[in-house]
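Colleague: Kindly generate the corresponding structure for this input.
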Amino acid sequence: GQPKLGSATLNGSGSTLTVAFLQAVIAQFKTAQPNVTVNYAAGGSGRGRTDFSNSVVQFAGTDAPYAAGSAPSKAFDYIPTIVSPVTVSYNLPGVKKLQLSPDTIAGLFDGQIKSWKDAAVQKDNPKTKLPSTSVTIARRSDSSGTTQNFTTYLQSATPMWTLGAGATVSWPASSVGGNGSTAVANNVKTTEGAVGYIDYSDAKAAGLKFASVKNASGQFIAPSIASATQALVGVKENPDGTYNPLNTKNKAGYPITSPTYLLVYSTQSNAATGNALKAFLTYIEDNSTKLAPAVDYAPIPSAFQKNALSAIAKIQVG
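Modeller: Prediction:
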């Protein structure tokens, strides 16, 4: 194990997709480094990026990189941690299984499909008795990496998608917003006819049903740790540590698989904090293959872990 560190506190904020994973890691890390306290306040990837730019946190969680021109001027690293399927979760009592193509998902989320009995939904599910329940869109109200990955996926997967891509988009007025993943999960759970995009860990924790999504090779694939892992096969990592697993061509890959990163400055002026941060990030990369599946996330490929470890080792501590 690592040498025991002195007293230090690390504060982070951001992505809600990664909360369950970070909570599990923080609890384990505490047993390895009892003198280091790690706090993580969620709030969405947009908040994480802003807090990090303003140096109010030592690290931040984000599921999407900074937009061009909005990154901090100080040198920083994207440290990839795990991946998560983004589920299309639904509340239709009596409908145990649902298959959705990108065109149909686009119609459900831009408000063009108003009833679950719509011909497009029926076409994806020829043998299913669908109810005429009206569709309620459950979506994020905060600046969200899950929104950014979900809408980027739709933009790349179907010309039917009309709302563009970003951390926030202009949803139909009838949609229901929720602040953070668990709020969206709760809105789906309590609203018959609701459909929402929610990370796999939160969707499972809420006991939701989720659709199998038609991938780029024409297979309907259910979200799972295995299908998220398959989505990363052959994906190239950029020199800065970012990568794009969305809309995979891999037959067994789940097409809406989200990356997530921790942001950290490449130079740390405070020795105690800097050393604690390096130890925490190293611990994540060394232990995520084991810890991630236990809380319903998929680990990143070992080559990505190796690159992350070398980026962490290069962080300068003052």
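
Colleague: mind listing the strands for the stretch 1-150 of the chain?
Modeller: Here the stretch 1-150 of the chain has its strands, by DSSP state E, counting those that start in this stretch, at 8-14, 36-43, 59-62, 76-90, 99-100, 136-140.

Colleague: Residues touching the second one, excluding its own?
Modeller: So that's strand 36-43. For strand 36-43, the external contacting residues (CB atoms under 8 Å, 6 or more residues apart in numbering) are 5, 7-16, 19, 22-23, 26, 29-30, 51, 61, 142, 180, 276, 279-280. C-beta: built from backbone N, CA, C; applies to glycine.

Colleague: List buried residues within these.
Modeller: 5, 8, 10-16, 19, 22, 26, 29, 51, 61, 142, 180, 276, 279-280 (16 or more other CB atoms under 10 Å).

Colleague: picking that back up, can I get the strands of the stretch 1-150 of the chain in CSV with distance to residue 69?
Modeller: CSV is the format used below for those (distance: least, CB to CB, whole Å):
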stretch, distance to residue 69
strand 8-14, 20
strand 36-43, 23
strand 59-62, 16
strand 76-90, 15
strand 99-100, 35
strand 136-140, 24
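
Colleague: who wins for proximity to residue 111 among those strands?
Modeller: Smallest distance to residue 111 across these (CB to CB): 6.8 Å, for strand 136-140.

Colleague: pLDDT below threshold where in the stretch 1-150 of the chain?
Modeller: Along the stretch 1-150 of the chain, the model assigns pLDDT under 70 to residues 1.

Colleague: quick one, helices of it?
Modeller: If DSSP state H, counting those that start in this stretch is used as the criterion, the helices of the stretch 1-150 of the chain fall at 19-32, 45-53, 102-109, 119-124, 145-157.

Colleague: Also the stretch 201-318 of the chain?
Modeller: Per DSSP H, counting those that start in this stretch, the stretch 201-318 of the chain carries helices over the ranges 225-231, 271-294, 302-313.

Colleague: Packed most tightly, which of those would that be?
Modeller: Comparing the helices of the stretch 201-318 of the chain by mean neighbour count (mean count of other CB atoms under 10 Å), helix 225-231 ranks first with a mean of 23.

Colleague: ok, residue 293 - contacts?
Modeller: By CB under 8 Å, 6+ apart, the contact set of residue 293 is 225, 299.

Colleague: Mind doing that once more with 6 Å?
Modeller: Listed by CB atoms under 6 Å, 6 or more residues apart in numbering, the contact partners of residue 293 are residue 225.

Colleague: Need the pLDDT of it.
Modeller: At residue 293, the model reports a pLDDT of 96.

Colleague: Could you check how far it is from residue 224?
Modeller: Applying CB to CB, to the nearest Å, the value for residue 293 to residue 224 is 10 Å.

Colleague: what do these two both touch?
Modeller: Common neighbours of residue 293 and residue 224, using CB under 6 Å, 6+ apart, do not exist here.

Colleague: So residue 133 sits against residue 117, correct?
Modeller: No. Residue 133 is beyond contact range of residue 117, at 8.1 Å (criterion: CB atoms under 6 Å).

Colleague: For the two, indicate the residue with more neighbours.
Modeller: Taking other CB atoms under 10 Å, residue 133 and residue 117 do not tie; residue 133 has more neighbours (17 against 14).

Colleague: List the residues that contact the nearest residue to the more buried one once chain neighbours are set aside.
Modeller: Using CB to CB, 6 or more residues apart in numbering and skipping residues adjacent in sequence, the residue nearest residue 133 is residue 193, 3.9 Å away. Neighbour list for residue 193: 133, 134, 135, 136 [criterion: CB under 6 Å, 6+ apart].

Colleague: For residue 95, see how far away residue 193 is.
Modeller: Computed as CB to CB, the residue 193 to residue 95 distance reads 11 Å.

Colleague: next one: residue 265
Modeller: Look at residue 265 and residue 95: by CB to CB, they are 48 Å apart.

Colleague: just residue 43 next, same as before
Modeller: 34 Å.

Colleague: Who has more neighbours out of the two?
Modeller: residue 43 (21 against 18).

Colleague: Please name the bridge partners of the more buried one.
Modeller: Note on residue 43: beta-bridge partners residue 14, judged by DSSP bridges.

Colleague: same deal with residue 62?
Modeller: Beta-bridge partners for residue 62, by DSSP bridges, are residue 261.

Colleague: and what of residue 257?
Modeller: Beta-bridge pairing of residue 257, defined through DSSP bridges, involves residue 85.

Colleague: Contact partners for it?
Modeller: 83, 85, 228, 231, 245.

Colleague: wait, the last one sits on residue 231?
Modeller: The reference is to residue 245. Yes. With contact defined as CB under 6 Å, residue 245 counts as touching residue 231 (4.8 Å).

Colleague: Could you list the residues in contact with stretch 124-131?
Modeller: Counting by CB under 6 Å, 6+ apart, 99, 100, 101, 104, 116, 117, 122 sit against stretch 124-131.

Colleague: could you dump the helices of the stretch 1-150 of the chain to TSV with distance to residue 79?
Modeller: What follows is the helices of the stretch 1-150 of the chain, written out as TSV (distance: least, CB to CB, whole Å):
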stretch	distance to residue 79
helix 19-32	12
helix 45-53	12
helix 102-109	31
helix 119-124	38
helix 145-157	15
